[in-house]
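In: Need coordinates for the following:
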Amino acid sequence: MGMIYIGIDPGKKGGYAAITGERGIAVSPWNDGQFIEDMRAVATSGACMACVEKVGAMPGQGVNSMFSFGHSLGFIEGVLTALGIPYQLIPPVKWKREFSLIGKDKKASIETCKKLFPGLNLMPTERSRVPSDGMAEAVLMALYAKRNL
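Out: Numbering: from 1, shown residues only. Below is the predicted model of the structure:
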């Protein structure tokens with residue numbers, strides 16, 4: 001199957017994606033239980049590498065939300081470590097530079113993802129009306145991993 005590249009946006013409305021081969025791609029909205037199952041499947045299917053967004057506190061962000069965010073990141077790192085999936089924490093500025101997204105809003109990430117992967121479903125649920133920027137950014141991080149890691 002070849003190398004599998006994983007991108008993970010650990011935000012509350014984040015997502016994760018995997019790229020295999022030339023154009024094989026899967027993307028999901030965040031769900032703890034499904035994440036464990038999907039990563040277990042990836043870990044048993046061959047060589048893989050994950051790119052996890054390394055994020056820090058943002059101005060005006062509350063203590064509770066930062067604690068929740070840190071908890072999510074720890075959960076992700078624990079799952080990847082337990083399953084033997086190598087990963088790197090990549091700052092947003094680093095992977096966003098790859099796609100000329102520095103200083104741009106979340107909609108720009110969705111647009112860039114749609115240009116690179118036309119037809120890819122970025123809707124977190126069947127009832128969603130707006131594509132998920134977390135899922136789009138996870139796809140872009142997976143592509144960053146494929147190009148750079």
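In: C-alpha only now, for contacts and for neighbours.
Out: Will do.
In: For K114, the count of nearby residues, please.
Out: Neighbours of K114 under the rule other CA atoms under 10 Å: 15.
In: quick one: contacts for it?
Out: Contacts for K114 (CA atoms under 8 Å, 6 or more residues apart in numbering) come out as L120.
In: From L101, how far out is it?
Out: Separation of K114 from L101 (CA to CA, to the nearest Å): 14 Å.
In: Could you pull out the strands in the protein for me?
Out: With DSSP state E as the definition, the chain shows strands at residue ranges 4-9, 15-20, 24-29, 48-53, 87-90.
In: Packing partners of the first one?
Out: Packing partners of strand 4-9 (3 or more CA pairs under 8 Å, 6 or more residues apart in numbering; DSSP states H and E): strand 15-20, strand 48-53, helix 133-148.
In: how near is K106 to I6?
Out: K106 is 20 Å from I6, where distance means CA to CA.
In: which one of these two has more residues nearby?
Out: Using other CA under 10 Å, the more surrounded residue of K106 and I6 is I6, with 31 against 14.
In: so that one touches A17, yeah?
Out: Yes: assessed by CA atoms under 8 Å, I6 is found in contact with A17 at 5.5 Å.
In: Common neighbours of these two, please.
Out: Counting by CA under 8 Å, 6+ apart, the contacts common to I6 and A17 are A138, A142.
In: From K12, how far out is Y87?
Out: From Y87 to K12 the distance is 20 Å (CA to CA).
In: Cool, thanks, talk later.
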